[in-house]
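> just to be clear, the model below is a prediction. Sequence and coordinates:
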Amino acid sequence: MNQPKILLIYTGGTIGMIKDFETGALRAFDFDKLLERIPELSHLDCDIETTAFENPIDSSDMNPDYWIKMATIVEENYNDFDGFVILHGSDTMSYSASVLSFLLENLAKPVIFTGSQLPIGDLRTDAKENLITSIQIASMQDAEGNPEIKEVGLYFEYKLYRANRTTKINAEHFEAFASLNYPPLAESGVHLKIFRENLWCPDEEKPFKVHKEIDNNIALIKLFPGITSASLEGFLTSDTIKAIVLETYGAGNAPTEAWFLEFLYKIKQKGIIIVNVTQCSGGKVIMGQYQTSVALKNLEIVSGKDITTEAAIAKLMYLLGRKMDETTFKTVFETQIRGEMS
């Protein structure tokens, strides 16, 4: 049996940084040097090839054009490789990984995002373990030679998560990501254990398809005690916003003041879609469970259920790009299509 072929895609981020000893600032180095710094990669039971963005970016500069670029790289190399590992800055990794999960329809191979909290050259870096294990996971095959993982994942600090279930929770600890509403897909310890009961099972009768239409005319409103109508007026005058992610309290609760409900009504009248997502890291939206969410249910606001804010934004951009009517949109958004919600 031939060894699995893995394509390593470097987009930028801390994992590919070195310290400028004159200024103390981090700067990107040539991607080829990343492999030179990890000779252990040559011991893996797979063939590794690499590609990189011509100009690696900090993940804070991530945007839809780069998402399309990543998806296109996977598309162009899909038939030649058994798995993909995308090196990405951690700050917006959950956003990018969530978007890719929607753009890559009927994915039957692993696309694993990873990065690090410390540069690859640091003495205590987490980069080596994250990179090596991500490649191992991407190269894992079953007895028939098929990939074990057939979805977009995110690997960080000994755990592989479903990408569109993750959120970054810490800027300093190595355990930077969490998936509070869905269990891990794999865990690395003395043994690398795959939790097959948690894996996404695509319909392999359908062909792999890459979507490249993203509509990012959306906005995010995070509720807070004391929010005023003045701070929301701009949304009513906008001619470009097509959807709003509304981060509510608890199980989808919001203020019941007349001005706020009137605001939501006017937004709906403008044809703008509103998705109700909880601010809580864990748990889900259940509109109507409390009196403070009954009005939202009556307005037929879209329920985000237990989706993360990152995945909600990603799914909105993807679905808006497919240009469907409002009723269909609500039905599709509230339906699991990539394992992003329960």
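Cool, got the structure.
> going forward, measure contacts and count neighbours with C-alpha atoms only.
Fine.
> just give the nearest non-adjacent residue to residue 203, would you?
Once flanking residues are discounted, residue 203 sits nearest to residue 106: 6.5 Å by CA to CA, 6 or more residues apart in numbering.
> is that neighbour in contact with residue 201, as I believe?
No: using CA atoms under 8 Å as the test, residue 106 is too far from residue 201 to be in contact (9.4 Å).
> for those two, indicate the residue with more neighbours.
In this view residue 106 and residue 201 are compared by other CA atoms under 10 Å, and residue 106 has more residues nearby, 21 against 16.
> how about the contacts made by that one?
By CA atoms under 8 Å, 6 or more residues apart in numbering, the contact set of residue 106 is 202-204, 206-209.
> now name the helix or strand holding residue 75.
Assigned by DSSP states H and E, residue 75 belongs to helix 64-77.
> contacts for that helix, please.
Contact with helix 64-77 is made by 84, 96, 99-100, 103-104, 210, 212, 214, 216, as judged by CA under 8 Å, 6+ apart.
> tell me where the stretch 51-200 of the chain is predicted with low confidence.
When residues are selected by pLDDT under 70, those of the stretch 51-200 of the chain lie in 120-121, 123.
> could you rerun that using 80?
119-125, 127 (pLDDT under 80).
> all strands of it, in order?
In the stretch 51-200 of the chain, the segments counted as strands under DSSP state E, counting those that start in this stretch are 83-87, 104-105, 111-114, 152-156, 159-162, 167-168, 177-178, 186-188, 192-194.
> for the fifth one, which strands pair with it and how are they oriented?
Read that as strand 159-162. Paired with strand 159-162 in the same sheet, following DSSP bridges, are strand 152-156 (antiparallel), strand 186-188 (antiparallel).
> so which of the ones you listed gets nearest residue 233?
strand 152-156 (37.6 Å; CA to CA).
> list the buried residues in that closest one.
Buried residues in strand 152-156, counted by 16 or more other CA atoms under 10 Å: 152-156.
> and for stretch 163-177?
By neighbour count on 16+ other CA under 10 Å, the buried set for stretch 163-177 is 163-168, 174-177.
> mind picking the two most distant members of those residues?
Between all members of the buried residues of stretch 163-177, the farthest pair (by CA to CA) comes out as 164 and 174, at 19.8 Å.
> the most centrally placed residue in the chain: what's it in contact with?
In the chain, the centroid-proximal residue (CA atoms, centre = their mean) is residue 98; its distance is 2.5 Å. Neighbouring residues of residue 98 by CA under 8 Å, 6+ apart: 152, 163-165, 310-311, 314-315.
> one more: residue 99?
Residues counted as contacts of residue 99 (CA under 8 Å, 6+ apart) are 67, 164, 311, 314-315, 318.
> go with 6 Å
residue 314 (CA atoms under 6 Å, 6 or more residues apart in numbering).
> ok, it to residue 247 distance?
For residue 99, the distance to residue 247 (CA to CA, to the nearest Å) stands at 19 Å.
> same question, residue 273
As judged by CA to CA, residue 273 and residue 247 stand 14 Å apart.
> neighbours of the residue lying closest to residue 62 once chain neighbours are set aside, how many?
Using CA to CA, 6+ apart and skipping the chain neighbours, the partner closest in space to residue 62 is residue 92 (7.2 Å). For residue 92, the count of nearby residues is 18 (other CA under 10 Å).
> can you check residue 260 too?
Neighbours around residue 260, by other CA under 10 Å: 16.
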